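>>> Task: produce atomic coordinates for the following.
(one chain, ligands or ions: 2)
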Amino acid sequence: MTAASRSITRAVLSREQAEGVGARVRRSIGRPELRNHDPFLMLDEFNVDKNGGFPDHPHRGFETVTYMLEGQFQHEDFAGHKGTIGPGDLQWMTAGRGIVHSEMPVKSQTRAHGLQLWINLPKEHKMCEPQYQELLDKEVKRARPEEGVEIKVIAGQSHGVSSQVYTRTPTMYLDIKMDKNKTVVQTIPASFTGFIYTLKGTIFVGDNAFKGEAHHTLTFSEDGAETVKITTKEESAHFVLIAGEPLREPIVQHGPFVMNSKEEIYDTFMDYQTNTNGFERAKNWSSTIA
Ligand SMILES: Nc1ccc(F)c(C(=O)c2c[nH]c3ncc(Cl)cc23)c1F
Ligand SMILES: [Fe+3]
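Ligands and ions are numbered 1, 2, ... in the order given. The predicted structure is shown next:
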């Protein structure tokens, strides 16, 4: 008996909206209809021209995963950590107890296009030391279950290929490109919450072939099925498949601060304003790239 596939419970279109400074994002998770997809807080498909970006701002209590699709982005934080990520590269930033950074397109670029995912941290990690895991496109492992199907394993496992990224919150993050008339079956732990965000083309998901078109979030059923079947027909497709272990902890979010109680959020604002408890290096710091 073939394992039943996860089915799609919702398909939500993301239209472009303004964000940051002169940036445009299509917001998937984190939009009103997709608020809580524990452990995920936000997924933005961003498009930023050379005059826009995300200048100096803080984070505490979660992780940001920036994955470039086109163009180059530069980043710089209050500890002097800086770099540039290009097409296919990724930056997995564990903000933990506190990061202040700037994320801007490289000025010579026409535009920077990519995805930023926000993953909540479990209580015991929310105040951990910040950490970066940065991978160049060529370092991201690929699974090729058949000709015409390429799966970049950003986190987790696919078809026997495992990512080198350490995930405090168990997470699967796959960048999948399929030629037309292909089928792929991906294993997903039964306890994981998950979704697909479509970038290009059309896919058909599950045993009932739910149709998913570009810029849509397709949320998975939570029925314990341990696979998801994805098919293409007349056209090729490009999408990301993201799934993770729900934390099932209280979420109190105020912008870029995500903790477990109002008191902790109050304390976070005090720490940020007084440059204490992880925000010491924010004192008199401003980025050179914004
Ligand atoms: N608080 C707050 C408020 C507003 C913001 F825009 C941001 C923020 O930085 C981002 C929102 N989506 C994004 N996609 C890509 C990148 Cl590189 C950054 C962001 C943020 F953190
Ligand atoms: Fe940021």
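>>> Now the lengthiest strand in the chain: buried residues?
Once the chain is assigned using DSSP state E, the strand that runs over the most residues is strand 40-59. Within strand 40-59, the residues that count as buried by 16 or more other C-beta atoms under 10 Å are 40-48, 50, 52-54, 56, 58-59. Heads up, the C-betas are built off the backbone N, CA and C, glycines and all.
>>> ditto for stretch 221-228
Ser221, Ala225, Val228.
>>> Quick check: of those, which lies closest to Val252?
Distances from Val252 to the buried residues of stretch 221-228, taken as C-beta to C-beta, are shortest for Ser221 (28.1 Å).
>>> re earlier: so which two of the buried residues of strand 40-59 are the farthest from each other?
Farthest apart among those by C-beta to C-beta are Phe40 and Lys50. That separation is 29.6 Å.
>>> which SS state does Asp267 fall under?
helix (DSSP: H, G, I helix; E, B strand; the rest coil).
>>> any idea how far it is from Ala209?
As judged by C-beta to C-beta, to the nearest Å, Asp267 and Ala209 stand 49 Å apart.
>>> With Gly86 instead?
36 Å.
>>> Leu247 too?
According to C-beta to C-beta, Leu247 stands 32 Å off from Ala209.
>>> Pick out whichever of the two has more residues nearby.
Leu247 (19 against 14; other C-beta atoms under 10 Å).
>>> Tell me who's in contact with that one.
Contact partners of Leu247, counting by C-beta atoms under 8 Å, 6 or more residues apart in numbering, are Asp38, Pro39, Asn120, Pro122, Thr169.
>>> Then Pro145?
Ile151, His159, Val184.
>>> So which of these sit within strands?
Ile151, Val184.
>>> which of the contacts of Pro145 lies closest to ligand 1?
Nearest to ligand 1 out of the contacts of Pro145 is Ile151 (C-beta to the nearest ligand atom; 23.3 Å).
>>> Touching, that closest one and Val184? I think so.
Yes - Ile151 is within contact range of Val184, at 7.4 Å (criterion: C-beta atoms under 8 Å).
>>> list residues touching both of the two?
With C-beta under 8 Å, 6+ apart, Ile151 and Val184 have common neighbours Pro145, Ile176.
>>> re earlier: so which of the buried residues of strand 40-59 also contact ligand 1?
Asp44, Phe46, Phe54 (C-beta under 6 Å from any ligand atom).
>>> can you list contacts of stretch 219-233?
Residues contacting stretch 219-233 (C-beta under 8 Å, 6+ apart): 3-10, 12, 34, 37, 176, 178-190, 193-196, 201-207, 209, 241, 243.
>>> What about the residues you listed, which are in strands?
Under the assignment DSSP E, those contribute 8-10, 12, 176, 178, 183-187, 193-196, 201, 203-205, 241, 243 to strands.
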